[in-house]
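Participant: Below is the sequence, then the predicted model.
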Amino acid sequence: MIKLKVNDIDIDIEEGLTVLQACEKAGVEIPRFCYHEKLSIAGNCRMCLVEIEKSPKPIASCAMPATEGMNIKTNTSMVEKARKGVMEFLLANHPLDCPVCDQGGECDLQDQSMFYGIDKSRYKENKRYVPEKHMGPLIKTQMTRCIHCTRCIRFATEVAGIDELGAIGRGEDMQITTYLEKSMESELSANVIDLCPVGALTSKPYVYEARPWELKKTETVDVMDAVGSNIRVDTYGWEVKRILPRINEDINEEWISDKTRYACDGLLNQRLDTPYIKEKNVFKKTSWENAYKIILDRIYSTSPNEIAGLTGDLTSMETLFSIKEFFSKIIKSPNLDSRSNYIYLNNSSRKNYLFNSTINGIEESDLILLIGTNPRYEATILNSRIRKKYLKSKTEIYSVGDMGDLTYPYKSINNSTNTIKEIIEKKNELSSKILHAKKPIIIIGQSALSIKSGAYIFENIKKYLEENNKITREWNPINILSNSASTVGSYDLDIISSNFSKNKVLDGLKNHDFKILFLFGNDDVVFKKKDEFIIYIGTHGDKGAELSDVILPSAAYTEQNGYYTNLEGKLQKAYKSSYPPGDAKEDWMIINDLSKKIKRKELFNNRDELENNLFTYLKTKKKQNSSIDFSILDFVDEKIKYNEIDYYYSNVIARASKTMTQCRNEKIKIKKNGTEG
């Protein structure tokens with residue numbers, strides 16, 4: 001610890017902090033434009049000038065290390081004059097277009113010019129003009145407003161890991177631009193909009209939509225992937241206008257993926273707002289009562305064993321629990337599953353399907369092995385943590401097979417299950433590296449668990465780590481990378497029809513054993529429909545609705561309260577920010593109505609009872625038998641085929657989004673041009 005003075009107040013701070021950070025520790029606010037705590041120090045804007053005793057001139061506090069005995073002054077006339085001079089220079093070329101600027105109302109330059117700006121300028125020359133840049137379908141540019149803070153450049157290079165932005169020219173002719181005049185390719189690119197302290201980079205889909213003070217702000221969580229990023233949903237009336245990140249250092253820090261930010265326009269398109277029934281292969285609108293009557297007639301004439309259900313990828317814990325209760329107490333059918341494909345799952349212990357090292361724990365690791373996963377597309381925010389760790393300590397990263405550009409260098413090892421076998425049997429050099437690492441991380445993707453050797457890979461890696469004392473109370477290196485927001489929650493609630501690689505529901509669908517199939521927001525199952533009567537409870541007219549005979553419209557994640565468990569097992573609540581369209585209802589209400597019609601008794605009297613029952617179940621859940629017969633685990637020498645994700649079309653909301661379609665088309669265009677080039 002070192003001692004210094006800030007405005008004549010003695011404070012103790014850790015060694016290595018800058019003067020700006022020391023001032024903040026003392027509770028003094030320092031204005032800044034270029035400094036950001038998650039980015040490297042640039043010292044461009046000079047707005048953070050302070051006075052230090054014995055220094056003849058003001059110094060940039062963001063770039064000056066704090067030292068023992070410093071006497072820092074932040075409120076002297078010298079400091080105020082210096083900051084006003086800097087502000088005068090910044091405003092010299094800045095256009096006077098605050099009334100039409102999308103940054104108006106949440107602009108750092110606006111806020112600070114209120115305090116340090118003056119009513120006239122000594123700068124008489126004409127203001128410069130900078131032509132607009134093409135940065136793709138997400139980022140609107142107005143580069144005349146740019147103050148050259150370089151936050152966007154540093155973010156693209158350091159956090160996103162894509163060297164796409166840079167500065168050309170010098171002095172007044174300096175311009176921030178993409179090197180090749182093309183769209184930014186990073187899945188994190190739109191974070192530069194939040195970082196830009198002026199209106200140079202703004203949101204293209206949100207342009208001229210609303211002002212910040214007109215919006216209702218709801219703090220909630222994201223469901224576009226399994227990470228559970230913390231977000232803020234801004235609504236105008238009951239329409240979701242934009243989604244912004246919330247700071248959570250353990251999960252998403254202060255970044256969100258482009259899909260999280262921009263798929264929200266899909267909440268308006270292709271929505272189901274009234275029940276439908278299929279007559280002569282044509283969907284016709286109907287009433288809730290008539291839809292319920294048709295479903296009831298079918299259920300009454302069908303044996304429980306001939307009724308099955310599949311839950312979807314965006315389903316909340318409350319909905320999952322009410323579905324489970326509906327199937328066990330009302331339908332009395334065991335045929336309910338949350339998996340749309342054959343994937344290995346040993347749910348005897350929660351640790352068998354969690355990201356045990358945690359997202360934050362990635363920063364402590366000293367070796368990372370990826371097996372059958374591409375975290376850049378499966379969990380963009382998690383991938384940025386791996387990059388952050390690599391930049392910090394040049395951690396060795398290995399991948400079974402070449403996954404393309406992951407934004408950090410990694411060593412690609414032979415893509416074969418035989419490679420895994422060699423590691424387990426200590427015949428591969430990677431074995432000793434794993435054993436000598438203090439905190440190794442092994443990330444197993446869904447692609448690795450869906451092949452014939454999926455059970456062998458998971459169980460034997462786990463056994464290998466246990467035998468070599470690598471799994472301890474403090475650290476568990478084995479991590480499953482789930483793809484959807486509801487995966488871990490559905491496993492916690494035991495929504496599986498059979499354990500391990502078996503799936504009774506998918507087997508029954510393949511053999512046409514079921515007469516009735518409930519699809520609870522599931523649009524991913526692929527099977528040939530024969531005589532099955534399909535009931536779809538969901539939000540969008542997508543693949544599931546297309547297959548169905550009866551459609552019951554439900555609410556999206558922004559239209560109802562709901563808990564979601566992320567890939568590391570953290571339970572987080574998503575709050576209601578708008579209302580479902582038309583006659584659509586919340587999922588648990590639909591299930592409650594069906595229960596009342598079938599048994600003349602509701603499953604839950606109200607939402608509070610549903611939540612209480614859910615938490616009681618999670619607390620009192622019994623552990624399954626955990627013994628595994630390793631002799632029956634099949635080993636097949638095969639390639640770990642990566643199940644490629646259509647990133648911008650990964651769920652119903654994204655597929656209905658116009659912005660995501662533009663991003664997808666842009667990506668295809670870039671890929672095509674790159675291949676041709």
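Facilitator: The structure has been received and is ready for your questions.
Participant: When you work out contacts or count neighbours from here on, use the C-alpha atoms and nothing else.
Facilitator: Fine.
Participant: and stretch 318-327, C-alpha only, in PDB?
Facilitator: In PDB, the C-alpha atoms belonging to stretch 318-327 read as follows (Å, rounded to 0.1, in the frame of the first residue of the first chain):
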ATOM      1  CA  GLU A 318     -41.100 -21.900 -14.100                       C
ATOM      2  CA  THR A 319     -42.500 -23.000 -17.400                       C
ATOM      3  CA  LEU A 320     -40.300 -26.100 -17.400                       C
ATOM      4  CA  PHE A 321     -41.500 -27.000 -13.900                       C
ATOM      5  CA  SER A 322     -45.200 -26.500 -14.800                       C
ATOM      6  CA  ILE A 323     -44.700 -28.700 -17.900                       C
ATOM      7  CA  LYS A 324     -43.000 -31.400 -15.700                       C
ATOM      8  CA  GLU A 325     -45.900 -31.200 -13.200                       C
ATOM      9  CA  PHE A 326     -48.500 -31.300 -16.100                       C
ATOM     10  CA  PHE A 327     -46.900 -34.400 -17.500                       C
END
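Participant: buried residues in it?
Facilitator: Residues of stretch 318-327 classed as buried by neighbour count (16 or more other Cα atoms under 10 Å): E318, T319, L320, F321, S322, I323, K324, E325, F326, F327.
Participant: what do you get for stretch 481-499?
Facilitator: 481-498.
Participant: Same question for stretch 271-289.
Facilitator: Those would be R271, L272, D273, T274, P275, Y276, I277, K278, F283, T286, W288, for stretch 271-289 by 16+ other Cα under 10 Å.
Participant: And E459, how far from V100?
Facilitator: As judged by Cα to Cα, to the nearest Å, E459 and V100 stand 59 Å apart.
Participant: Do you have the helices of the stretch 551-677 of the chain handy? List them.
Facilitator: 587-599, 607-620, 652-655, 658-676 (DSSP state H, counting those that start in this stretch).
Participant: With respect to N468, which of those helices lies nearest?
Facilitator: Checking these against N468 by Cα to Cα gives helix 607-620 as the closest, at 31.6 Å.
Participant: any weak-confidence spans in the stretch 51-200 of the chain?
Facilitator: By pLDDT under 70, the stretch 51-200 of the chain contains no weakly predicted segment.
Participant: wait, isn't S490 in contact with E318?
Facilitator: No: the criterion here is Cα atoms under 8 Å, and S490 misses it with E318 at 10.3 Å.
Participant: Point out where the stretch 451-600 of the chain drops to low pLDDT.
Facilitator: For the stretch 451-600 of the chain (pLDDT under 70), the answer is none.
Participant: So L310, which state does it fall into?
Facilitator: strand (DSSP: H, G, I helix; E, B strand; the rest coil).
Participant: Quick check: beta-bridge partners of it?
Facilitator: Here L310 sits in beta bridges with D337, L519, going by DSSP bridges.
Participant: so what's it up against?
Facilitator: Applying Cα atoms under 8 Å, 6 or more residues apart in numbering to L310 gives the contacts L336, D337, S338, R339, S340, V505, L517, F518, L519, F520, N522.
Participant: what do you get if the cut-off is 6 Å, keeping everything else the same?
Facilitator: Neighbour list for L310: L336, D337, S338, L519 [criterion: Cα atoms under 6 Å, 6 or more residues apart in numbering].
Participant: Name the residues that touch stretch 112-131?
Facilitator: K84, N93, M143, T144.
Participant: Out of the buried residues of stretch 271-289, flag the one nearest to M70.
Facilitator: Closest to M70 out of these is R271 (61.8 Å), distances taken as Cα to Cα.
Participant: isn't the closest one right next to G538, touching?
Facilitator: No: here R271 lies out of contact with G538, judged by Cα atoms under 6 Å, at a distance of 9.2 Å.
Participant: Next, the distance between the ends of stretch 467-482.
Facilitator: 26 Å.
Participant: hang on, the earlier thing: the buried residues of stretch 271-289 in strands, which ones?
Facilitator: Of the buried residues of stretch 271-289, the ones assigned to strands by DSSP state E are Y276, I277, K278, F283.
Participant: any chance of these in a markdown table, plus pLDDT and distance to S548?
Facilitator: As requested, those are exported to a markdown table (pLDDT from 0 to 100; distance: Cα to Cα, whole Å):
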| residue | pLDDT | distance to S548 |
| --- | --- | --- |
| Y276 | 96 | 10 |
| I277 | 95 | 8 |
| K278 | 93 | 8 |
| F283 | 94 | 9 |
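Participant: which one of those residues is nearest Y557?
Facilitator: Nearest member of those to Y557, counting by Cα to Cα, is Y276, at 21.6 Å.
Participant: ok, that closest one to S257 distance?
Facilitator: 35 Å.
Participant: go on, L345?
Facilitator: If you measure L345 against S257 using Cα to Cα, the figure is 28 Å.
Participant: Can you get me a residue count around the residue nearest to K667 when sequence neighbours are not counted?
Facilitator: Among residues not flanking K667 along the chain, E185 sits closest, at 7.4 Å (Cα to Cα, 6 or more residues apart in numbering). Using other Cα atoms under 10 Å as the criterion, E185 is surrounded by 17 other residues.
Participant: any idea which of the helices of the stretch 551-677 of the chain scores lowest on pLDDT?
Facilitator: Per-segment mean pLDDT for the helices of the stretch 551-677 of the chain reaches its minimum on helix 658-676, at a mean of 82.
Participant: thinking again about what came up before, kindly supply the ChimeraX command isolating those of the contacts of L310 that are buried.
Facilitator: A single ChimeraX command is used to select the members of the contacts of L310 judged buried by 16+ other Cα under 10 Å:
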select :336,337,338,519
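Participant: can you tell me which of the contacts of L310 lies nearest to V19?
Facilitator: Among these, and counting by Cα to Cα, the member closest to V19 is S338, at 53.1 Å.
Participant: wait, what's in contact with that closest one?
Facilitator: Contacts of S338 by Cα under 6 Å, 6+ apart are L310, T311, I495.
Participant: And it, how close does it get to L345?
Facilitator: Separation of S338 from L345 (Cα to Cα): 11 Å.
Participant: Could you do P245 as well?
Facilitator: 32 Å.
Participant: For those two, work out which one has more neighbours and name it.
Facilitator: Neighbour count, other Cα under 10 Å: between P245 and L345, P245 has more, with 24 against 21.
Participant: is it true that that one touches I231?
Facilitator: Yes: under the contact definition of Cα under 6 Å, P245 touches I231, with a separation of 4.4 Å.
Participant: you'd agree D250 is up against N360?
Facilitator: Yes: counting by Cα under 6 Å, N360 is a contact partner of D250 at 5.2 Å.
Participant: higher neighbour count, the two?
Facilitator: N360 (17 against 11).
Participant: check contacts around that one.
Facilitator: So N360 contacts D250 (Cα under 6 Å, 6+ apart).
Participant: pLDDT score for it?
Facilitator: For N360, pLDDT reads 93.
Participant: L367 now?
Facilitator: At L367, pLDDT is 93.
Participant: Doesn't K388 lie inside a helix?
Facilitator: Yes: secondary structure assignment places K388 in a helix (three-state DSSP).
Participant: The closest residue to it other than its chain neighbours and E187: what is the separation?
Facilitator: Distance criterion Cα to Cα, 6+ apart; nearest residue to K388, sequence neighbours excluded, is V159 at 6.8 Å. Taking Cα to Cα as the measure, V159 falls 11 Å from E187.
Participant: OK, contacts around S498?
Facilitator: Counting by Cα under 6 Å, 6+ apart, S498 makes contact with nothing.
Participant: secondary structure class for it?
Facilitator: coil.
Participant: I'd like the distance between it and G161.
Facilitator: 41 Å.
Participant: follow-up on the earlier one: now, among the buried residues of stretch 271-289, which is nearest to L4?
Facilitator: R271 (60.3 Å).
Participant: Quick one: neighbours of the closest residue in space to the closest one that isn't next to it in sequence, just the number.
Facilitator: Using Cα to Cα, 6+ apart and skipping residues adjacent in sequence, the residue nearest R271 is H540, 4.6 Å away. Applying other Cα under 10 Å, we find 27 residues neighbouring H540.
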